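Asks: my questions are about this predicted structure, shown below with the sequence.
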Amino acid sequence: MITRVALTALTLQTAMACQLPADAERLESARYRLALSTEPDAIQPGKFFAVLVTACAKDEPATIETLRVNAHMPQHRHGMNYAPRIVALSPGRYRAEGFMFHMPGSWEFVVELRADGRNERATLSRRID
Amino acid sequence: MARSTRSLLAIGFGVFLLLTSIAAQAQALLDFTDAERRAIARHGPWPVEWTGDSTNRVSNTQAAIELGRRLFFDPGLSANGQVACATCHRPDRGWADGAPVSTGLTRVDRNAQGLANIRLQRWFGWDGAHDSLWSQSLRPLLDPREMGMNVATIATHLRGESELRCRYRAAFSEAPGDDDERAVVNLSKALAAFQETIVSAPTAFDLFRDALVRGDAAAAAYPIAAQRGLRLFIGRGQCNLCHLGPSFSNGEFGDVGIPFFTRPGEVDPGRHGGIKRLQASPYSRLGRFSDASGPALARATEHVELTHRNFGEFRVPSLRELTRTAPYMHNGALPDLRAVARHYSELNEDRLHADGERILRRLDLAPAEIDDLVAFLESLTAPESPDAAPRAADTCR
């Protein structure tokens, strides 16, 4: 009984601690709610920017083994000319550098994560003028 | 009515029609939509603010500009004493040479690009093998086909000329010492400082764009054919997907269906080879010769990715000062702007990489549309030739 209470408390604490930033765009994978924002907020074609991702488990928290972010233009069948690199800032929070959209149009961010041995992905569309 | 009176009336009516037509041409402004106006506004303002290259400690400094100017026109920097940077980058030809492909000591495989506004580029050369203007400036000196020097012979020339020696000391606060490589990299930085001063003036398009943004009626002075060409450029042509911003270039690379065979059995790998050379170069922004470090200064170099589709890609050139720099494309295959417009109009999509981008489509332009597109492209050249900073009237002691 004591163990069950302690585990419940831990789960609640984790759920409460994992908050998605209010000013970021939301996306979802199978087991995670995600938030994505860019720095600077306005993406300009031909200019570098960074991507910030926060991942919160929907239910039971799982250990995220890897999380990657990339982007492509589905309509044009090409990705970026640059390979971003991501670092974990804290559990569930990531920053990726090296993004550059080399033309205006519809781009799609792709977040791929692996947690407890299972892969999942989420996408977010963004139109750039 | 007498015949002479009828003739006079007919002539008068003809003149009236002509004047009306001219007035209509001079006053007309196409009904650009809000989206078109926003797209047009993004091609300015011009000139673009620029604060110097922090990886080059003598960028934007007068003494280095003066040293660079002398080096740029100095044939003593070539193995046969007859080829200078200015041989292929002539001020009277938009800082290009007008030939399909250039000839230094021998013929090379690529077209010399104009140098106007080169300071705004991210990558240098048709393949972007260099990430700074100073690194790019070193390449032709060492290329056996172009100037055919090596680090030792360049340093010997620099130390052997009293004027160069004096100006080197003024620019770098030190004499060209025994370290040949250091002296030669510094020399390339002075060459870069000079080329950074080559900037083009505002054009008829810029006046139109600024007036349109202001909501000024002066926008109507822009020729109607150029307006129609501009509408094509930002609309059906989708040219502004790659030729974007005030420089009319995204600074990147593309395969536009120009054959890249240089001779039977040999190809120009373009960007694919460029990235490989960049990553092997000791003179990149990531190397020890860069005068400043930090992630933001070398972000492109650090993150650029070599992929198969880079094969046969060449830089997206700026379209400013275009009329001065014919012929066009990386191999100078297209003699004039009409040929360029026809290339995109009749594009052979089968020539594009199967794994490449799906952006280019055959435009099937009518002859009048080709005329309009050319009229627009011609409006991107300023009335006066782009000049370097004026020569300082000093002597070095």
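Replies: Everything's here; your move. Numbering: from 1, shown residues only, chains lettered A, B, ... in the order given.

Asks: most centrally placed residue in chain A?
Replies: A:V53 (3.6 Å; CA atoms, centre = their mean).

Asks: in which helix or strand does it reside?
Replies: Per DSSP states H and E: A:V53 is located in strand A:48-57.

Asks: get me the contact residues on the stretch 1-150 of chain B for chain A.
Replies: The interface of the stretch 1-150 of chain B toward chain A, taken as CB under 8 Å from any CB of the partner chain, is made up of B:38-39, B:42. Glycine gets a C-beta too; all of them are placed from N, C-alpha and C.

Asks: the nearest residue to B:H89 once chain neighbours are set aside: neighbour count?
Replies: Leaving aside its sequence neighbours, B:H89 sits nearest to B:W95 (CB to CB, 6 or more residues apart in numbering or on different chains; 4.7 Å). When neighbours are counted by other CB atoms under 10 Å in any protein chain shown, B:W95 registers 28.

Asks: sorry, back to before: if the residue nearest to the centre of chain A is in a bridge, with which residues?
Replies: A:L36, A:Y94 (DSSP bridges).

Asks: I figured it was touching A:Y94, is that so?
Replies: Yes. Look at A:V53 against A:Y94 with CB atoms under 8 Å: they come within range, at 4.6 Å.

Asks: common neighbours of those two, please.
Replies: A:67, A:69, A:86 (CB atoms under 8 Å, 6 or more residues apart in numbering or on different chains).

Asks: ok, then the element right after whatever helix or strand A:E97 lives in?
Replies: Per DSSP H and E, A:E97 falls inside strand A:93-100. Counting by DSSP H and E, the element after strand A:93-100 in chain order, helix or strand, is strand A:105-115.

Asks: if you compare the directions of that following strand and strand A:48-57, what angle comes out?
Replies: Strand A:105-115 and strand A:48-57 are oriented at 40 degrees to each other (axes from the mean of the first three to the mean of the last three CA atoms, to 10 degrees).

Asks: need the residues of chain A near chain B, please.
Replies: So chain A meets chain B at A:45-46, A:48, A:75-78, A:80-85, A:97-98, A:100, A:102-105, A:129 (CB under 8 Å from any CB).

Asks: now which of those would you call buried?
Replies: A:45-46, A:48, A:76, A:78, A:80-82, A:84, A:97-98, A:100, A:102-104 (16 or more other CB atoms under 10 Å in any protein chain shown).

Asks: which one among those gets closest to B:T51?
Replies: When those are compared for distance to B:T51 (CB to CB), A:F48 wins out at 17.1 Å.

Asks: just the closest residue of chain B to chain A, please.
Replies: B:H303 (3.4 Å; CB to the nearest CB).

Asks: for that residue, give me its contacts.
Replies: Counting by CB under 8 Å, 6+ apart, B:H303 touches A:82-85, A:97-98, A:100.

Asks: mind running it again at 7 Å?
Replies: A:82-84, A:98 (CB atoms under 7 Å, 6 or more residues apart in numbering or on different chains).

Asks: which of the residues you listed fall within strands?
Replies: A:G98 (DSSP state E).

Asks: which residue does chain A have closest to chain B?
Replies: For chain A, CB to the nearest CB, closest residue to chain B: A:G98, 3.4 Å.

Asks: I'm done for today, thanks for sticking with me.
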